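Trainee: Build me a model:
(chains A and B)
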Amino acid sequence: MSDVQTFLDRLAERTEARRQAHGPEPTWIAARRQAGAARFDAMGFPDRRVEAWKYTDVRPIARGDFALTDSGDFSQASAAALTLPIVAHRLTFVDGVFSAALSDLGELPAGVAVLPLSRALAENHEAVGGPLGRLTGVEFSPFSALNTAFMEEGAVVRLAPGSVVKKPILLQFLSRANAQPVMSHPRVLIEAGARSQATVIEHHVGETEAANFTNLVAELMLDRGAILTHYKLQEAPLSDLHVASIHVEQGRDSRYTSFNLNLGGGLVRNDLITELNGEGAVANFYGLFYGQGRQHIDNHTLANHNAPRTFSNENYKGILDDRARGVFNGKVVVKRDSQKIEGFQSNANLLLSDRAEIDTKPELEIYADDVKCSHGSTTGQLDEEAVFALRTRGIDEQTARGLLTLAFAGEVMELVELAAVAERVELAVAGKLPERFNLSGLVEAAILLHDD
Amino acid sequence: MASQEMEQLVRREYKEGFVTDIESDTIPPGLDEGTIAFISQKKGEPEWMLEWRLKAYHQWLKMTPPSWAHLDYPAIDYQAISYFSAPKRPEDRPQSLDEVDPKLLETYEKLGIPLHERAALAGVAVDAVFDSVSVTTTFKEKLGEAGVIFCSISEAIRDYPELIKQYLGTVVPVADNYFAALNSAVFTDGSFVFVPEGVTCPMELSTYFRINAANTGQFERTLIICESRAQVSYLEGCTAPQRDENQLHAAVVELVALEDAYIKYSTVQNWYPGDEDGKGGIYNFVTKRGDCRGDRSRISWTQVETGSAITWKYPSCVLRGKDSIGEFYSVAVTNGRQQADTGTKMIHIGEGTRSYIVSKGISAGRSNQSYRGLVKIGPRAKGARNFTQCDSLLIGDQCGAHTFPYQEIGNSSATVEHEATTSKIGEDQLFYCQSRGISEEDAVSMIVNGFCKDVFQELPMEFAVEAEALLNVTLEGAVG
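Mentor: All right, here's what the predicted structure looks like:
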């Protein structure tokens, strides 16, 4: 049986079971599922000859046999240990299934709605049908098609014009250690009205033995003047497989800031795309990835400058150890007549092992002349002069290297505004550094400080 | 069809190929085994060479044209091309410069090409060309004394079969890519250079080449070999605009550098770019690769690309030898409706290998230009080092400039740096020049030449001067 057929069979089973349990779905959903399935069937899983997947082998996903689950059970204690220690409006999904027990929305400001997709559909499916799939169609990739065919659950965030959400909105995706690996196809839909402001944290984490497949599609729409900060904290277990497409649409003077922090996951692929459609729109893409063991972390970003006077700024940092592999593909596209554009892109990588590999491709595609665009990419080792400078101050060489590696990650981390996220990531990075860097003492001291 | 039958068919066509009338100078358009046998026969090639060509042809049949480049052109009908035509006879050519298109002469004037070369470049019959024969003879003697072999590839196949067998197709294998396979099957001419151990070629091979190779074939094949501690500098093409009835060009260039050898390969390409709508321009699909086989060997590519409607070209270096060096300096200028997808590949295999890439792209008019490069550091390339700088300059708001640099790094001791910028000529720079009484056109030309300086420095001196002039001619009318 072909890899594609396994997934299509699962889909048929699921659709039938759903029909029997809940009766027929609204026609638009059924039609989209069909379109998604047909598209996925036609395209199949991408192989390495497809340019966008040149460095990422998806066979671990294609060859897997993933079940679907209806259970959102997760032990309260382990959830508490995994969750971010932060005061937030919290929605929790366990293997893609909404868990009311682990969710706590608290009090939301007026005009702000945060709810699971299933509830949004039950309340008013037509209000969801308009924006859903507008940015990420089934054409985008075989994975977006697959997601459209399977989608059931996810998060819907609606911000009325002028509304400001002070506390972050935390979307927590927990991966459970199941007898059989499970797959989930969550959707995230954020509609930020004019001049609204919010911070959304997408947190992927789970039980150490978990080995599930998450195929997420997020669509973020920023109306004029909206400000959205989006953290994606990837701490999934090392056997988890994760593919995500994040599409952002930006109106005039809107500002989107993405922090894509990749620490976990066995195979992680992110497609982050923004459409800068209105003058004065600003997109900031900040990323950090730390790969160990046999982790494979692939980040594809794309900034489409569709209007004049739009700005994009990107800074990705990668640290790779053992046999880990990192892929970075950043692209800036300036459309014809989109003048007075500024687009900056930077990717720096540090290889800690000879068996680690980084494949990086910073691309520019420019069709207007009054632009300032640049990209830089470096891969190498720590600056020997900096190591020497620390040693002259009495710090031994290995500690110096450890400190400088932390500082390398620090260039992205210092932009993080949420202390809870920054501390979590900094500690995780310090903890991941090879023992030879002799930082254990430092880390312990930091943890003690943190506990106080 | 069973493979046996297929084989019989192949053999039968061989026969037919061999009886083709070798008196005729041109064969009708189309490509099959007969065509290849005809070319091979015409060139007086030995049997093994024909087999080599047929092998390439069979590989080619199985391949599809590459579609990944950022280029847009109609599909090429390979059966509509004539694969062999003998050079024009002296009586068919213009008999003196008076018969040459005055526009062409005007361009020569602007480029500052020496008087005695103009006739040769314009294709005036050799007898009428002032002094060129004697110049050639002197060069040949000098090279012969040094032990350097420099001849056409067809002569080399006849006279130095051992060298050809040893090196041909070892850098660019016959099935390397679609156009290389096509070239391997049907190449008609090109150059062969062999510099023996310890010899520094006594002259720039450019000077000679320029006069003699103005009528280069459509499918050129070049092979340059430098033995240990040998050195050579070679220049291909010339700044003068070249017209050619053949729309498709697919050349293959192979360089082999053994221990401590140094090959410097410079190209100036100015094929006809087509009319204002881009019609009739040359399609230039080139595979160029250098193999730094020996330790401390060095290969340097310099190119100035201003012509052709379509350019598809990635001069590359395979850095096998320990501490070997690869360099790539490129200026590409596109105007009108030209499209260029060009860049380089640096494959670091050996320890301590270094590569240096400087690419300057200038797009004007409605043209599109891409830099596409690969830097690959293998797991054994300890301490490998690469620096890449690629800058684009946009002139006008209808053109495009794109950068696609691939970096694949598999060694923690490697250092790889890439920088790219895209911008237009600054208003402040123009204002500064104009406030000092320099006209806008001159100011632009000054700024553009400054932008390309890093690359022009690498060209042999007389060509650097011409290349600057060429840039101005190409960009004429793009500004103001």
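Trainee: count of residues packed around the one residue in the stretch 51-200 of chain A that gets nearest to chain B?
Mentor: In the stretch 51-200 of chain A, the residue that lies nearest chain B is residue A:51 (6.6 Å; CB to the nearest CB). Backbone N, C-alpha and C define where each C-beta goes, glycine included. Neighbours of residue A:51 under the rule other CB atoms under 10 Å in any protein chain shown: 11.
Trainee: pretty sure it contacts residue B:68?
Mentor: Yes. Counting by CB atoms under 8 Å, residue A:51 does reach residue B:68; the two are 6.6 Å apart.
Trainee: what residue ranges in the stretch 101-250 of chain A score low on pLDDT?
Mentor: Along the stretch 101-250 of chain A, segments meeting pLDDT under 70 are nowhere present.
Trainee: got a pLDDT number for residue B:216?
Mentor: pLDDT recorded at residue B:216 is 44.
Trainee: what's the answer for the one 10 residues further on, then?
Mentor: Looking at residue B:226, its pLDDT is 96.
Trainee: correct me, but it touches residue B:265?
Mentor: No. In this structure, residue B:226 is not within contact of residue B:265 by CB under 8 Å, at 10.8 Å.
Trainee: Settle it for me: which of the two has more neighbours?
Mentor: residue B:226 (30 against 22).
Trainee: mind checking which helix or strand the most centrally placed residue in chain A is in?
Mentor: Centroid-nearest residue in chain A, with CA atoms, centre = their mean: residue A:232, separated by 4.6 Å. For residue A:232, the host element (DSSP states H and E) is strand A:227-235.
Trainee: What lies in contact with that strand?
Mentor: A:84, A:168, A:190, A:192, A:196-205, A:220, A:222, A:242, A:244, A:246, A:254-265, A:268, A:270, A:416-418, A:421, A:424-425, A:428 (CB atoms under 8 Å, 6 or more residues apart in numbering or on different chains).
Trainee: Are any of those residues buried, and if so which?
Mentor: Among these, the ones that count as buried by 16 or more other CB atoms under 10 Å in any protein chain shown are A:84, A:168, A:190, A:192, A:196-205, A:220, A:222, A:242, A:244, A:246, A:254-265, A:268, A:270, A:416, A:418, A:421, A:424-425, A:428.
Trainee: Mark which of the residues you listed are part of helices, please.
Mentor: A:421, A:424-425, A:428 (DSSP state H).
Trainee: Columns pLDDT and distance to residue B:258 on top of those, output as TSV?
Mentor: Below are those laid out as TSV (pLDDT from 0 to 100; distance: CB to CB, whole Å):
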residue	pLDDT	distance to residue B:258
A:421	94	57
A:424	92	56
A:425	93	51
A:428	90	51
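Trainee: Among the residues you listed, which one sits closest to chain B?
Mentor: Nearest to chain B, judged by CB to the nearest CB, of these is residue A:428 at 21.3 Å.
Trainee: Chain neighbours aside, what residue packs nearest to the closest one?
Mentor: Counting by CB to CB, 6 or more residues apart in numbering or on different chains, residue A:263 is the residue found nearest to residue A:428 once chain neighbours are left out, at 5.2 Å.
Trainee: Quick one: residues contacting that neighbour.
Mentor: A:233-235, A:289-290, A:425, A:428-429, A:432.
Trainee: Just the pLDDT for residue B:258.
Mentor: 96.
Trainee: can you count the residues close to it?
Mentor: Neighbour tally, residue B:258, other CB under 10 Å: 20.
Trainee: hang on, it packs against residue B:297?
Mentor: Yes. At 6.4 Å, residue B:258 counts as touching residue B:297 under the criterion of CB under 8 Å.
Trainee: Specify the local secondary structure of the nearest residue to residue B:258 once chain neighbours are set aside.
Mentor: Here the nearest residue to residue B:258 in space, its sequence neighbours aside, is residue B:294; by CB to CB, 6+ apart that works out to 3.9 Å. Using DSSP: H, G, I helix; E, B strand; the rest coil as the criterion, the local structure at residue B:294 reads coil.
Trainee: Relative to residue A:423, how far out is residue B:294?
Mentor: 54 Å (CB to CB, to the nearest Å).
Trainee: Between the two, which is the more surrounded one?
Mentor: Ranked by neighbour count (other CB under 10 Å), residue B:294 and residue A:423 place residue B:294 first, with 22 against 17.
Trainee: which ones are touching that one?
Mentor: Residue B:294 neighbours (CB under 8 Å, 6+ apart): B:228, B:257-261, B:321, B:324.
Trainee: ok, now with 10 Å
Mentor: Residue B:294 makes contact with B:226-229, B:256-261, B:320-322, B:324, B:350, according to CB atoms under 10 Å, 6 or more residues apart in numbering or on different chains.
Trainee: all helices for the chain, in order.
Mentor: Went with chain A since none was named. So, for chain A - with DSSP H - the helices run A:3-22, A:27-43, A:59-62, A:76-82, A:117-129, A:142-150, A:384-391, A:397-413, A:419-432, A:440-451.
Trainee: Can you look at chain B instead?
Mentor: Using DSSP H, helices in chain B cover B:3-19, B:33-42, B:47-62, B:102-111, B:115-121, B:132-146, B:153-159, B:161-167, B:178-186, B:205-212, B:427-435, B:440-451, B:453-456, B:461-474.
Trainee: Could you check the shortest one against chain A for contacts?
Mentor: No. Under the criterion of CB under 10 Å from any CB of the partner chain, helix B:453-456 makes no contact with chain A; the nearest approach is 17.2 Å.
Trainee: Can I get that helix as PDB, trimmed to CA atoms?
Mentor: Extracted C-alpha coordinates of helix B:453-456, given in PDB (Å, rounded to 0.1, in the frame of the first residue of the first chain):
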ATOM      1  CA  LYS B 453      36.200  47.300 -10.200                       C
ATOM      2  CA  ASP B 454      36.900  44.200  -8.000                       C
ATOM      3  CA  VAL B 455      36.200  42.000 -11.000                       C
ATOM      4  CA  PHE B 456      37.800  44.100 -13.800                       C
END
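Trainee: Show me what it is in contact with.
Mentor: B:302-304, B:328-332, B:358-360, B:389, B:391, B:449-450, B:463-465, B:467-468, B:471.
Trainee: how about 6 Å then?
Mentor: Residues from elsewhere that reach helix B:453-456 (CB atoms under 6 Å, 6 or more residues apart in numbering or on different chains): B:329, B:331, B:358, B:360, B:464, B:467.
Trainee: list the buried ones in it?
Mentor: B:455-456.
Trainee: Need the residues that contact stretch A:41-51.
Mentor: A:3-4, A:53-54, A:58, A:62, A:142.
Trainee: Give me the neighbour count for residue A:218.
Mentor: Neighbour tally, residue A:218, other CB under 10 Å: 25.
Trainee: measure the residue of the stretch 51-200 of chain A closest to chain B to residue B:222 for me?
Mentor: In terms of CB to CB, residue A:51 sits 31 Å off from residue B:222.
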